[in-house]
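# Could you look at this predicted model? Sequence included:
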Amino acid sequence: TGGHTTEILRLLSCLSESYSPRHYIFADSDNMSEAKIRSFEQKRSETFSNSQFTLHRIPRSREVRQSWTSSVVTTLYSILYSLPLTYKLKPDLILCNGPGTCVPVCISALLLGLLGIKRAIIVYVESICRVETLSLSGKILYYFSDYFIVQWPNLKEKYPKSVYLGRIV
Amino acid sequence: FRFKDSLAEDLRGADLVISHAGAGSCLEALEEGKPLIVVTNEKLMNNHQLELAKQLHRDGYVLCCNCSTLVETLQSMDLSTLKPFPPGQPEKFALFLDEVVGFQ
């Protein structure tokens, strides 16, 4: 969604073309992200000739302030939906920055890893907005990601297993 | 106006920005190098939105006030006390990631 997309595109801005093809996954209810992504990739293709990317929409796992019990149901549904997609894409690396959408994708990637089908490296970057507390996605993925990056020193203190590189967006 | 796709043009022409504490709004104004006053409304906002505004204020990048103190802030403000906001460094992330995945 919106702010998350802007942030993740900034994170991608300095990556080399070795990070290709790029598969963008976002919520089906999101109308603005597709345009931002296409614009980013368009600019990128002006520098790198063989730029490849795809777009995928999945059901949104949770609305803002949705109740806990219904969130579990919608997230389970999103995980079931993400599994065939993750199985098809078999990513080497998953990069996410916090929208609820990323949790089912990461969980399905973890399942694929446990089943010995494909082991992806999961890198989570908490949003720049998070100075003192983690988002709900962050609280979950702190334990399940391979690398958990925070952008403010307070969070590094509270979550010692995290990586602090300063502000990166 | 109701909603524009981008405020970038308006931002560039401004001498002072007064904004709510939304992260996108704050960061956009700061990145354009504009002096920024963040108006917080503790009743409307959930705590997490306040985090960034408070930190930016603590670091000296923005002035903060609430709706009732806005006029007073505008009258007594000294914008020269605001520090320039350094840009983020996605290149550091790229270096980190290259190491993690094994690209050199």
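Here it is on my side, so go on. Residues are numbered from 1 along each chain as shown, chains lettered A, B, ... in the order given.

# CA atoms for contacts and neighbours, from now on please.
Will do.

# can you give me the helices for the chain?
You didn't pick a chain, so chain A it is. Assigned by DSSP state H, the helices in chain A fall at A:2-12, A:33-47, A:68-89, A:102-114, A:136-144, A:153-158.

# oops, I was thinking of chain B
For chain B, the helices defined by DSSP H occupy B:8-13, B:23-31, B:47-58, B:70-76, B:90-101.

# can I get those helices in JSON lines with distance to chain A?
Converted to JSON lines, these look like this (distance: least, CA to the nearest CA, whole Å):
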{"stretch": "helix B:8-13", "distance to chain A": "14"}
{"stretch": "helix B:23-31", "distance to chain A": "6"}
{"stretch": "helix B:47-58", "distance to chain A": "5"}
{"stretch": "helix B:70-76", "distance to chain A": "24"}
{"stretch": "helix B:90-101", "distance to chain A": "4"}
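
# out of those, nearest to A:G138?
Shortest distance between A:G138 and the helices of chain B, using CA to CA, is found for helix B:47-58: 13.3 Å.

# Dump the helices of chain B into a markdown table; add mean pLDDT and mean neighbour count as well.
Output for the helices of chain B, formatted as a markdown table (pLDDT from 0 to 100; neighbours: other CA atoms under 10 Å in any protein chain shown):
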| stretch | mean pLDDT | mean neighbour count |
| --- | --- | --- |
| helix B:8-13 | 83 | 12 |
| helix B:23-31 | 86 | 18 |
| helix B:47-58 | 85 | 18 |
| helix B:70-76 | 91 | 12 |
| helix B:90-101 | 97 | 16 |
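
# For those helices, give me CSV that also has distance to A:P153.
As requested, the helices of chain B are exported to CSV (distance: least, CA to CA, whole Å):
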stretch, distance to A:P153
helix B:8-13, 30
helix B:23-31, 18
helix B:47-58, 11
helix B:70-76, 30
helix B:90-101, 16
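
# centroid residue for the chain?
Defaulting to chain A. A:C96 (2.0 Å; CA atoms, centre = their mean).

# ah, I was thinking of chain B
Short answer for chain B (CA atoms, centre = their mean): B:C26, at 2.5 Å.

# which of the residues in stretch A:54-74 are buried?
Neighbour counts over stretch A:54-74 (16 or more other CA atoms under 10 Å in any protein chain shown) mark A:R57, A:I58, A:P59, A:R60, A:S61, A:R62, A:S71, A:T74 as buried.

# For whichever residue of chain A sits closest to chain B, grab the count of nearby residues.
Using CA to the nearest CA, the closest approach of chain A to chain B is made by A:I168 at 4.4 Å. As a burial measure, A:I168 scores 22 neighbours (other CA atoms under 10 Å in any protein chain shown).
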